[in-house]
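Colleague: Pasting the sequence and the predicted model now:
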Amino acid sequence: MLQNFVKTGKQCTWPGCTGDAVKTKLPVAGKTIHCIKHQMRKHSGRVGPNWKRDNYRENLKSYCEMSGRRWCDMYEEVKAGFQVLGQDFTRIDLVRRTCQQFDVDHKDGNHYNNDPSNLQTLTKSMHKLKTDVMGDADPTRKSYAI
């Protein structure tokens, strides 16, 4: 188990999850009542009413499969951005903002095809470029049955 997480003996309260809840040593506001996977999802800032859109985030890699940009490159870029803006930042701020720089993309554009071979990790800018060029965002392009 990761150093910053300790099992609480309770069950994760994330909808549909049966994992062991953990508490964290990280300075995070609020209760820590989720398993490690969902704690990390919370730290990435992906919470709220549309949390289901990120069910496939566990397929993220530490680099962009189109541009080759690595997580550590993005970390340094985010850190430099905080400094240029003159903002105070913590390690948690840096990790959260860096995690938000990567997306999981469906190669074939079909958001119902969550097979790992159909998923790729892209930076936000590469994901936007691919979506625009390939027409993935065009609702008239294809219709997929649920």
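Modeller: Received it, and whenever you're ready, just let me know what you need. Residues are numbered from 1 along each chain as shown.

Colleague: So in this protein, which strand runs the longest?
Modeller: In the chain, taking DSSP state E as the definition, the longest strand is strand 5-11.

Colleague: show me where pLDDT drops low in the protein?
Modeller: 1-4, 24-32, 40-58, 139-146 (pLDDT under 70).

Colleague: follow-up on the earlier one: pull out the buried positions in the helix or strand following the longest strand of the chain.
Modeller: Sequence-wise, the next helix or strand downstream of strand 5-11 (DSSP states H and E) is strand 20-24. Judged by neighbour count (16 or more other C-beta atoms under 10 Å), strand 20-24 contains these buried residues: 20-24. Every residue, glycine included, has its C-beta placed from N, CA and C.

Colleague: mind checking the longest helix of this protein?
Modeller: Criterion DSSP state H: the longest helix present in the chain is helix 71-84.

Colleague: Just the CA atoms of it, as CSV, please.
Modeller: C-alpha atoms of helix 71-84 as CSV (Å, rounded to 0.1, in the frame of the first residue of the first chain):
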residue,chain,number,x,y,z
TRP,A,71,4.5,13.2,-16.7
CYS,A,72,7.7,14.7,-15.3
ASP,A,73,7.9,17.2,-18.2
MET,A,74,4.4,18.3,-17.5
TYR,A,75,5.2,18.5,-13.7
GLU,A,76,8.0,20.9,-14.4
GLU,A,77,5.8,22.9,-16.8
VAL,A,78,3.1,23.3,-14.2
LYS,A,79,5.6,24.2,-11.5
ALA,A,80,7.1,26.9,-13.8
GLY,A,81,3.5,28.2,-14.5
PHE,A,82,2.8,28.6,-10.8
GLN,A,83,6.1,30.5,-10.4
VAL,A,84,5.4,32.8,-13.4
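
Colleague: residue ranges for the helices of this protein, please.
Modeller: 36-43, 71-84, 91-99, 124-134.

Colleague: what about the ones you listed, which gets the closest to P116?
Modeller: helix 36-43 (15.9 Å; C-beta to C-beta).

Colleague: about what we covered before: quick check: which of the helices of the chain is buried the most?
Modeller: Burial of the helices of the chain is given as mean neighbour count (mean count of other C-beta atoms under 10 Å); helix 36-43 ranks first at a mean of 19.

Colleague: quick one: Q11 and H34 touch, right?
Modeller: No - look at Q11 against H34 with C-beta atoms under 8 Å: they stay out of range, at 9.7 Å.
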